[in-house]
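A.B. asks: structure of the sequence below:
(chains A and B)
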2 protein chains.
Amino acid sequence: MAKPLILVTNDDGIAAPGIRNLVEFMNEIGEVVVVAPNSPQSGKGHAITINSTLTFEEINMPGPQRDFALSGTPVDCVKFALDKILNRTPDLVVSGINHGSNSSINIIYSGTMSAAVEAGVEGISAIGFSLLDFSWDADFTQAKDYIQKIVKTTLENPLPKGIVLNVNIPKLIKEELKGIKICRQANAKWEENFDERTNPHGKKYYWLTGYFNNMDDGDDADETALSEGYISIVPVKFDLTAHEHITHLKAILE
Amino acid sequence: MAKPLILVTNDDGIAAPGIRNLVEFMNEIGEVVVVAPNSPQSGKGHAITINSTLTFEEINMPGPQRDFALSGTPVDCVKFALDKILNRTPDLVVSGINHGSNSSINIIYSGTMSAAVEAGVEGISAIGFSLLDFSWDADFTQAKDYIQKIVKTTLENPLPKGIVLNVNIPKLIKEELKGIKICRQANAKWEENFDERTNPHGKKYYWLTGYFNNMDDGDDADETALSEGYISIVPVKFDLTAHEHITHLKAILE
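C.D. replies: The predicted structure follows:
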């Protein structure tokens, strides 16, 4: 039986330790092609490049996989890989491992998860992986067994159309990881606090900063599972319709 | 009674005819503050600016409203307005009027709709408006009465937390518009086709192009309503959890 074809991408850029670890883990499971941004793309959400052009290079990295660096966003990488680089539809798209959490509401800002969602839109099973450690030298190996289990299970049980997986991993050593919990997206948000500074020419400029406000301690919320030492998996859909609100709106607006 | 405070933003940039028309319509309903990108931001999705800084200018435009141009994305505009410009929480955030459709799956790529979603995350009623006409000199006045009706109804009936509205308007004259239909997001996607070119130095570069593939002729889909001459309204949520798939995943992954 042919090895499954796995497309790997991310938003921290093709050289980030997180994606290099994920590529190593995937090389043990399938035939791997990497199409990832040639520069950091954190916080790019589902952005696509429509008012400028894209270029790419094949680059040499250790391992049996092929690596392509694209001058675009994570979503561009998925679109470009499917149209221009791969000669068949991949069996799975994996994105990450992100340096930092993409739990709860962070999914909508995340380039990592947007790449997975784009693959889902294309009808391909897809998983985004994120480690709750922003540092460049984070240890991505502790959850290797879990990541491979999630990937193998998904290859054996392809996701239904319209659903992708958002996997977040606590910053714990292997022995401390308690297992996997399937969760819902916690109700949480960022409280903005723009940091105002003055440039050498006297003009004010601003850095986006803020703190994360988790308003949800439900047992089934991803934030809860993570805080208890579990790897959280949220099944994510991109039919954003609030079906439950249609009847009320019909009454007041139609 | 104090006039409602309405924050207006968009993704085509603060000078685009679509937002200038929306500001005019909103000036008849409330106190208007505009915080919009200082450059076109189409296709930026839910991108935020975290690796560079932001600047803004107050600019003079015709009308009683105040206008602020920010060097960021549509989502940045909402965050910045709430933290740095407005002295109270707006009663409503409106985004648009977008030059071009944001129906069905386009919501995930749309800066216009992402600004509305960001307002929703902040707990504010929000509506994105889009006209199915990409041209710069599109006629945004034909649906003025409908837009004002939707805004007034929403001010009188604030949206439940977690829901914003995606309003798309067919390119028709007033007399041809059949009314409003509350819809679900149609099942549709873009079929990519990157256009390959060669630059003067011999290097290949690519433009993202494609065609829109509507795979959904359901009576309740937004694409259907639009094709029949109705203004479509989809209630949109940002809890992306596929709740219906949790039980199955628990069985195979926990």
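A.B. asks: what segments of chain A are helices?
C.D. replies: Assigned by DSSP state H, the helices in chain A fall at A:17-27, A:74-80, A:111-121, A:144-156, A:222-227, A:246-253.
A.B. asks: looking at the ones you listed, which is nearest to residue B:212?
C.D. replies: Nearest to residue B:212 among the helices of chain A is helix A:111-121 (12.4 Å), distances taken as Cβ to Cβ. Every C-beta, even on glycine, is put in place using the N, C-alpha and C of the backbone.
A.B. asks: tell me the mean pLDDT over the closest one?
C.D. replies: Averaged over helix A:111-121, pLDDT sits at 98.
A.B. asks: where does pLDDT dip in chain A?
C.D. replies: Low-confidence segments of chain A (pLDDT under 70): A:1.
A.B. asks: so where do the strands sit in it?
C.D. replies: Assigned by DSSP state E, chain A shows strands spanning A:5-9, A:31-37, A:56-59, A:66-70, A:92-99, A:126-131, A:163-169, A:179-182, A:188-192, A:195-198, A:204-207, A:210-214, A:230-237.
A.B. asks: what is the second one packed up against?
C.D. replies: Using 3 or more Cβ pairs under 8 Å, 6 or more residues apart in numbering or on different chains; DSSP states H and E, the elements in contact with strand A:31-37 are strand A:5-9, helix A:17-27, strand A:66-70, helix A:74-80.
A.B. asks: my guess is residue A:47 contacts residue B:45, does it?
C.D. replies: Yes: with contact defined as Cβ atoms under 8 Å, residue A:47 counts as touching residue B:45 (4.6 Å).
A.B. asks: spit out the residues that contact those two alike.
C.D. replies: Listed as contacting both residue A:47 and residue B:45 by Cβ atoms under 8 Å, 6 or more residues apart in numbering or on different chains are A:75, A:114, B:109.
A.B. asks: who's in contact with the last one?
C.D. replies: Right, residue B:109. A:46-48, A:75, B:43, B:45.
A.B. asks: could you rerun that using 6 Å?
C.D. replies: Residues in contact with residue B:109 (Cβ atoms under 6 Å, 6 or more residues apart in numbering or on different chains) are A:46, A:48, B:43, B:45.
A.B. asks: what's the answer for residue A:231, then?
C.D. replies: Residues near residue A:231 by Cβ under 6 Å, 6+ apart: A:146, A:169, A:180.
A.B. asks: how near is the last one to chain B?
C.D. replies: Translated: residue A:180. From residue A:180 over to chain B the distance is 5 Å, taken as Cβ to the nearest Cβ, to the nearest Å.
A.B. asks: which residues does that residue bridge with?
C.D. replies: residue A:231 (DSSP bridges).
A.B. asks: roughly how far apart are residue A:9 and residue A:124?
C.D. replies: 12 Å (Cβ to Cβ, to the nearest Å).
A.B. asks: and what of residue A:183?
C.D. replies: 23 Å.
A.B. asks: looking at the two, which has the bigger crowd around it?
C.D. replies: Neighbour tally, residue A:183 and residue A:124, criterion other Cβ atoms under 10 Å in any protein chain shown: the higher count belongs to residue A:183, 29 against 21.
A.B. asks: need the contact list for the more buried one.
C.D. replies: A:220, A:222, A:225, A:232, A:234.
A.B. asks: thinking again about what came up before, reformat the strands of chain A as TSV; add distance to residue B:102.
C.D. replies: Converted to TSV, the strands of chain A look like this (distance: least, Cβ to Cβ, whole Å):
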stretch	distance to residue B:102
strand A:5-9	25
strand A:31-37	25
strand A:56-59	29
strand A:66-70	25
strand A:92-99	24
strand A:126-131	23
strand A:163-169	21
strand A:179-182	32
strand A:188-192	23
strand A:195-198	32
strand A:204-207	28
strand A:210-214	27
strand A:230-237	18
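A.B. asks: out of those strands, nearest to residue B:86?
C.D. replies: Among these, strand A:188-192 sits nearest to residue B:86 (Cβ to Cβ), with 12.0 Å.
A.B. asks: now that closest one, how far from the chain's geometric center?
C.D. replies: 19 Å (Cα atoms, centre = their mean, to the nearest Å).
A.B. asks: flag every buried residue along it.
C.D. replies: The neighbour-count check on strand A:188-192 (16 or more other Cβ atoms under 10 Å in any protein chain shown) flags A:188-190, A:192 as buried.
A.B. asks: and stretch A:76-89, how far apart are its ends?
C.D. replies: 16 Å (Cα to Cα, to the nearest Å).
A.B. asks: what does it contact?
C.D. replies: A:7, A:9, A:35-36, A:48-49, A:68, A:70, A:115, A:118-119, B:192, B:194.
A.B. asks: could you measure from residue A:168 over to chain B?
C.D. replies: Distance, residue A:168 to chain B, using Cβ to the nearest Cβ: 13 Å.
A.B. asks: please disregard the earlier target; I meant residue A:251.
C.D. replies: 9 Å.
A.B. asks: run a quick neighbour tally on that residue.
C.D. replies: 10.
A.B. asks: do the same with residue A:17
C.D. replies: Residue A:17: 16 neighbours (other Cβ under 10 Å).
A.B. asks: run through the residues that contact residue A:18.
C.D. replies: By Cβ under 6 Å, 6+ apart, residue A:18 lies in contact with A:12, A:96-97, A:99, A:140.
A.B. asks: not counting sequence-adjacent ones, nearest residue to it?
C.D. replies: residue A:97 (3.9 Å; Cβ to Cβ, 6 or more residues apart in numbering or on different chains).
A.B. asks: bridged to residue A:165, which residues?
C.D. replies: So, taking DSSP bridges as the rule, residue A:165 has residue A:127, residue A:235 as bridge partners.
A.B. asks: count of residues packed around it?
C.D. replies: 26.
A.B. asks: count the neighbours of residue A:38 for me.
C.D. replies: Neighbour number of residue A:38 under other Cβ under 10 Å is 19.
A.B. asks: that one contacts residue A:73, doesn't it?
C.D. replies: No: Residue A:38 is not in contact with residue A:73 according to Cβ atoms under 6 Å; the separation is 11.1 Å.
A.B. asks: run a quick neighbour tally on the residue nearest to residue A:18.
C.D. replies: By other Cβ under 10 Å, neighbour count at residue A:97 equals 29.
A.B. asks: with residue A:40 instead?
C.D. replies: 17.
A.B. asks: got the contact list for it?
C.D. replies: Residue A:40 neighbours (Cβ under 6 Å, 6+ apart): A:12-13.
A.B. asks: check contacts around the nearest residue to residue A:101 once chain neighbours are set aside.
C.D. replies: Closest residue to residue A:101 apart from its sequence neighbours, by Cβ to Cβ, 6+ apart: residue A:132 at 4.7 Å. Shown in contact with residue A:132 (Cβ under 6 Å, 6+ apart): A:101, A:170-171.
A.B. asks: so how far is stretch A:18-28 from its chain's centroid?
C.D. replies: Worked out by Cα atoms, centre = their mean, stretch A:18-28 lies 14 Å from the chain centre.
A.B. asks: in that stretch, what's buried?
C.D. replies: A:18-27.
A.B. asks: same check, this time on stretch A:225-233
C.D. replies: Per 16+ other Cβ under 10 Å, stretch A:225-233 contains these buried residues: A:225-226, A:230-233.
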